[in-house]
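S.K.: Next come a sequence and a model predicted from it.
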Amino acid sequence: PALEAEGTYSLTATAADAAGNISAHSEPMTVTIDTALPAIHASRSPEPNANGWNNTDVIAAYSAEDSVGLSSPATGEYKFIQEGENQSHTFTVTDLAGNSASITVENINIDKTAPVISDITGNTVVNAGESAVIRAKITDSLAIDSAKIAINGIEHDLTGSGPDYIYTFTAPPGPASEAN
């Protein structure tokens, strides 16, 4: 059979001369036909939070296998250390026959820097029944997910978007006036 189908073949050689003498078989030689790509799998650690972000470095790792063998390492990793969104890294492995396969770990979002509150302003004295606004300047190198203000330990959501956030409230009514 011809060496066309995928698989492992044992080859030997013989020779004959014009007088009809035939040589002994040569030592066997193994030939493997490999047209299949290596299998490659990737993972990341740690997984992102519910918003798709990490606040630490992320390690992407791969493992690969091939029925014939690999000429590149069967495992490896890449460490994402830079802050930024939509980062990716591609791993490529090659088997002994030169077949290559790749896999990409993508959508890596890293923000290690906490938001900065640079200013809180607003009314420091509010009369009974009056509305007041507290303003906060909040910045972040990438994105702010939520902003809160704590009043006597109880948190309330701020509204707005970077860098301007506000909290509006109305003071409770005062005592009723006495008529003379």
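M.R.: Ah, there it is.

S.K.: I'd say residue 33 and residue 5 touch.
M.R.: Yes. Using Cβ atoms under 8 Å, residue 33 is in contact with residue 5, at 6.7 Å. Placement of C-beta: from N, CA and C, glycine included.

S.K.: Give me the more crowded residue out of those two.
M.R.: residue 33 (14 against 9; other Cβ atoms under 10 Å).

S.K.: quick one: contacts for the nearest residue to the more buried one once chain neighbours are set aside?
M.R.: Distances taken as Cβ to Cβ, 6 or more residues apart in numbering put residue 6 closest to residue 33, at 5.2 Å, once the chain neighbours are dropped. By Cβ atoms under 8 Å, 6 or more residues apart in numbering, the contact set of residue 6 is 33, 34, 35, 36.

S.K.: rerun that using 10 Å as the cut-off
M.R.: 32, 33, 34, 35, 36, 67, 68 (Cβ atoms under 10 Å, 6 or more residues apart in numbering).

S.K.: Closest one to residue 106 out of those, please.
M.R.: residue 36 (25.2 Å; Cβ to Cβ).

S.K.: Relative to residue 94, how far out is that closest one?
M.R.: Distance, residue 36 to residue 94, using Cβ to Cβ, to the nearest Å: 13 Å.

S.K.: Identify the contacts common to the two.
M.R.: Common neighbours of residue 36 and residue 94 are listed as 66, 101 (criterion: Cβ under 10 Å, 6+ apart).

S.K.: which one of these two has more residues nearby?
M.R.: Neighbour totals were compared for residue 36 and residue 94, and residue 94 leads with 17 against 14 (other Cβ under 10 Å).

S.K.: Quickly find the element holding that one.
M.R.: Assigned by DSSP states H and E, residue 94 belongs to strand 84-94.

S.K.: what mean pLDDT does the helix or strand just after that strand have?
M.R.: Toward the C-terminus, strand 84-94 is succeeded by strand 100-110 as the next helix or strand (DSSP H and E). Per-residue pLDDT values over strand 100-110 give a mean of 97.

S.K.: Check which helices and strands strand 100-110 sits against.
M.R.: Other elements packing on strand 100-110 under the criterion 3 or more Cβ pairs under 10 Å, 6 or more residues apart in numbering; DSSP states H and E are strand 39-45, strand 58-65, strand 75-80, strand 84-94.

S.K.: List the pairing partners of the second one within its sheet, with orientation.
M.R.: For strand 58-65, sheet partners with direction are given as strand 39-45 (antiparallel), strand 75-80 (antiparallel), following DSSP bridges.

S.K.: what's the first-to-last distance across stretch 155-170?
M.R.: End-to-end span of stretch 155-170 (Cα to Cα, to the nearest Å): 16 Å.
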